[in-house]
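S.K.: Sequence plus predicted model, see below.
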Amino acid sequence: MRLGKYGTWLACGLVAAAIGAVGIGLALVLSTWSAAAAGVAVALAYLAGTFLPTLPLFGRVARTRPDPAAFALTFDDGPDPRHTPEIGRLLAARGHQATFFVLGAHARGHPRLLGELAAAGHELASHGDDHRLLALALPRTVRRQLDGAEQAVAAATGEAPAPLFRPPHGVRSPWLHRTVAARGYRVCGWNGSVFDTASPGVQAIVERVRRRLQPGAVVLLHDGDGSGRGGSRRQTVEALPAILDEAERRGLRSVRLSSLLADGD
């Protein structure tokens, strides 16, 4: 069964509540409140590990190495013919490379766009197959998500994606890292949140990215809509020139995320 965003929040909240209830029950049986405190602590840790995308509780996400002149622009949820080609061309024309965490379902619908991104020097990585949240997904479901995206990218470009995986919304389970690593992938996060999918306005997107621009930063933007509702990412496209202007003013250039990652993370 596929749970949406709100269904996932509710289900994970119920899991946390159950963990806390076990602790309270043990406290009542053992006549000690230490069991209750432990149960509540475990419940809170479970929620934090699930929903905080860079917290290493369930496994450490890939980290970037220090580079005074580089950062990584990353784009999720594409490809989308309305936005992806323009983003890819603009970046390439100005000498920047980006990493596109693509969805298998969108890649199968627009394989030509992936070839264009690869030809322009950009990196293709995995965002799973259909953008389902994986907080409660069994390992076999995680493997199917990886396989779906990998097969779609390979069919479009003749090559597998870079072995980088960004789980949708950064949501993870206690076993996701191990499952992903067994397939040779590294889990990737990002620095801060821009929330460009909320369409806050072009200037707001530019300002939010400016606050996060620094050497080694991983910036998360979107060139598509993972919800399936076909939301526009036009504001992100229009914000990109000013973002690149600011990066260049600071002596920064966007590079492929894989070239910026520290070894062994």
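M.R.: Cool, got the structure.
S.K.: Buried residues of the helix or strand that contains Ala152, list them for me.
M.R.: Taking DSSP states H and E as the definition, one finds Ala152 inside helix 139-157. Buried residues in helix 139-157, counting neighbours by 16 or more other Cβ atoms under 10 Å, are found at 141-142, 144-146, 148-150, 152-153, 156-157. The C-beta positions use only the backbone N, C-alpha and C, and glycine is treated the same way.
S.K.: Looking at those, spot the one nearest Ala38.
M.R.: Val142 (28.9 Å; Cβ to Cβ).
S.K.: now the longest strand along the chain, how far from the centre of its chain.
M.R.: Longest strand in the chain, counting residues (DSSP state E): strand 70-76. The chain centre lies 11 Å from the centre of strand 70-76; the measure is Cα atoms, centre = their mean, to the nearest Å.
S.K.: same thing with stretch 252-265?
M.R.: Per Cα atoms, centre = their mean, the centroid offset for stretch 252-265 relative to its chain is 15 Å.
S.K.: again with stretch 251-265
M.R.: 16 Å.
S.K.: The longest strand of the chain pairs with which strands, and in what direction?
M.R.: strand 98-102 (parallel), strand 218-222 (parallel), strand 253-254 (parallel) (DSSP bridges).
S.K.: Quick one, which of these gets closest to Asp263.
M.R.: strand 218-222 (16.5 Å).
S.K.: then the closest one to PDB, C-alphas only?
M.R.: Provided in PDB are the C-alpha atoms of strand 218-222 (Å, rounded to 0.1, in the frame of the first residue of the first chain):
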ATOM      1  CA  VAL A 218      24.100  21.100  -1.500                       C
ATOM      2  CA  VAL A 219      21.100  23.200  -2.800                       C
ATOM      3  CA  LEU A 220      17.800  21.500  -3.400                       C
ATOM      4  CA  LEU A 221      15.500  22.800  -6.100                       C
ATOM      5  CA  HIS A 222      12.900  21.100  -8.300                       C
END
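S.K.: Are we agreed that Pro241 is in a helix?
M.R.: Yes: counting by DSSP: H, G, I helix; E, B strand; the rest coil, Pro241 is found in a helix.
S.K.: How is this structure partitioned into domains?
M.R.: Under the assignment automatic domain parsing, the domains of the chain span 5-51, 59-260.
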